[in-house]
Structure formats: C-alpha cells, structure tokens
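Asks: Based on what follows, work out the 3D shape:
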Amino acid sequence: MRALILALIFATTSANAEGFGPAGLLSGKNKEDLPPITLSAGAPLTDAPWILKSGTYYEFEIQGDGSQELALIGPEFFRAIWIDEIVVEGLEIRPLGLDSIEFDEAGEMEIGFVAIKPGQYYLKIPGSSGETQRLDITIE
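Replies: Prediction:
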C-alpha cells in the first residue's frame, strides 16, 4: 500500500513539474526593470522616485561615468530588500547584505533584488544635500 501511495505522489509531482515553468518570487511574471541610476559629477541620480511593491523582484543598473569617485549609501533601504545578485563586468556576487557601493572609475553594475519591508527609504551620494543627489524610494 505504501509503495502505491509513493508511486502516485511521484507520478503526480512529475506530471505537474513538466507542464509549468518557474514559480514564485523569481518568476518572470514577478520581475520588473527599474530606470538606471547615473553616477556623474553634478548630474541627477534619476528622473523620478521609485515606488516598489513588496514581494516583487526588481533589477536596475548603476552607471558611473568616472567623472569623479562617487558612492551611494542607503543602509535602511538595503536592509528592507533581499539582494539576489550584483553583477559587475559579468561577475555575479551574491551578498548577505549591503551598506553602500562606490565607483572609483567608470563602470556599470546591475543589482537584482526583492522588495520586502514596506516603508520610505533613499539612496544618496554621501555628503550631498541636493534633491537631485538623492533617490527617494517607497516600498508599498
């Protein structure tokens, strides 16, 4: 009897697995691309604030032009998300957490993450006070 039950469970599981693609948080239906962040001396980071939904997977690029050494800080934001990966020149990094990033020269980085904790957050260039040097982020 046990063997029959196990065989039925295995057959049902195998049949269901063949007809469906990825599911859950990392599925293609749950992914959104965000506008890139630009790190350039005196240039705005982005055109508009980000409004994110908790449980959605997002990807964005950070593009540094090398005009000066620039960093982005946002420890509260980085603790309100789960970072899947950071890709730099084809190298994939899967960190447990993040506090800030810095570009010493021109380059590009892509970050994939799941928004988790609702609230108001920001990413900004440290030491700056201008509104264009700050990206306001809302997770709903």
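
Asks: buried residues in stretch 90-110?
Replies: The neighbour-count check on stretch 90-110 (16 or more other C-beta atoms under 10 Å) flags 98, 101, 103, 109-110 as buried. Bear in mind the C-beta positions are built from the backbone N, C-alpha and C, glycine included.

Asks: now stretch 45-60
Replies: Quick answer for stretch 45-60 (16+ other C-beta under 10 Å): 45-46, 50, 52, 57-58, 60.

Asks: Just give me the neighbour total for L135.
Replies: 25 (other C-beta atoms under 10 Å).

Asks: number of nearby residues for the closest residue to E59 other than its chain neighbours?
Replies: In this structure, E59 finds its nearest non-sequential neighbour in G112, 4.6 Å apart by C-beta to C-beta, 6 or more residues apart in numbering. If you count neighbours by other C-beta under 10 Å, G112 ends up with 19.

Asks: so what's G112 bridging to?
Replies: Partner residues in beta bridges with G112, using DSSP bridges, are E59, E85.

Asks: if I pick the closest residue to L34 other than its chain neighbours, what's in contact with it?
Replies: Leaving aside its sequence neighbours, L34 sits nearest to F60 (C-beta to C-beta, 6+ apart; 3.9 Å). Residues in contact with F60, defined by C-beta atoms under 8 Å, 6 or more residues apart in numbering, are 33-37, 110-111.
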